[in-house]
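# After the sequence you'll find the predicted model.
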Amino acid sequence: MHNVRVDQIETTKEAAAEDPSAATLDVRLEGAWATDDAFPQFAGVVKFPTGEVTFEADFPPFLGGEGRAPTPLAYCFYGAMCCYGATFATQAAMAGVELRALRIGLALTVDFHAALGLGDVPPLSPFEFQVEVETDDSDEDVQRVKTLADERCPAIWAMSNRVEYTTAARKA
């Protein structure tokens, strides 16, 4: 339904009820900083089931880059927006709500005062997701799907819950 393979999701759901690992995705990413100023500052290959793509990132000039590629945060924000949009579309399909179209926007402000050593200022404003769907289903159905997306989106979960992390650095 609307480019969501509901049958595959149901198969995964059944498998995961028996084997929790059937509903997991391991992520391993690597990238490198370019010390040659002829290139964007950072690049890494992102692999997916049918191929791979190179993502490049460059800070804007006011943060020491040349603006030759999206900022690293743009990928984070795009990922959050895409995750929420994909979750919304998937939850709609699973609920039987047909979408002819889905458009999503994300707005926020990034404050670099703390990154510049100019005080302890929260770096991110609230994320404002705006979803617009074309459907013959009711407004109530759209709001039901929104609630499901809010409850089930991994990006929303990550913004609502502390995600543990570790960092390490070593001389090569």
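Thanks, I have it.
# Domain-wise, how is this structure divided?
As assigned by automatic domain parsing, the chain contains the domains 29-70, 71-161.
# Now do the strand or helix carrying residue 7: everything it contacts.
Using DSSP states H and E, residue 7 falls within helix 6-18. Contacts with helix 6-18, where a contact means C-beta atoms under 8 Å, 6 or more residues apart in numbering, come from 22-23, 90, 93-94. Any C-beta I mention is one placed from the backbone N, CA and C, and that applies to glycine too.
# go again using 10 Å as the cut-off
The contact list for helix 6-18, computed with C-beta atoms under 10 Å, 6 or more residues apart in numbering, reads 1, 5, 21-24, 90, 93-94, 96.
# Between those residues, identify the one with the most neighbours.
Neighbour tally across the contacts of helix 6-18 (other C-beta atoms under 10 Å): the maximum, 22 neighbours, falls on residue 90.
# Comparing the domains of the chain, which stretch has the densest surroundings?
The highest mean neighbour count among the domains of the chain, using mean count of other C-beta atoms under 10 Å, belongs to domain 71-161: a mean of 14.
# tell me how far the ends of that domain are from each other?
For domain 71-161, the first-to-last residue distance is 24 Å (C-alpha to C-alpha, to the nearest Å).
# again, but for stretch 107-123
End-to-end for stretch 107-123, by C-alpha to C-alpha: 14 Å.
# Please report the distance of the residue nearest the centre of the chain from residue 148.
In the chain, the C-alpha nearest the mean C-alpha coordinate belongs to residue 79, at 2.0 Å (C-alpha atoms, centre = their mean). Distance, residue 79 to residue 148, by C-beta to C-beta, to the nearest Å: 20 Å.
# Show me the shaky parts of the chain.
Within the chain, no stretch has pLDDT under 70.
# if I read this right, residue 2 contacts residue 86, doesn't it?
No: using C-beta atoms under 10 Å, residue 2 makes no contact with residue 86, being 11.6 Å away.
# shared neighbours of those two, anything?
Common neighbours of residue 2 and residue 86 (C-beta under 10 Å, 6+ apart) are residue 102.
# Just the strands from the protein, written as ranges.
Taking DSSP state E, the strands of the chain run over residues 32-33, 42-48, 51-57, 101-107, 128-134.
# Now render these as a markdown table, adding distance to residue 171.
Listed next are those as a markdown table, based on distance: least, C-beta to C-beta, whole Å:
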| stretch | distance to residue 171 |
| --- | --- |
| strand 32-33 | 15 |
| strand 42-48 | 20 |
| strand 51-57 | 24 |
| strand 101-107 | 38 |
| strand 128-134 | 42 |
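# Spit out the contact partners of the nearest residue to residue 121 once chain neighbours are set aside.
Distance criterion C-beta to C-beta, 6 or more residues apart in numbering; nearest residue to residue 121, sequence neighbours excluded, is residue 113 at 4.0 Å. Listed by C-beta under 10 Å, 6+ apart, the contact set of residue 113 reads 119-123.
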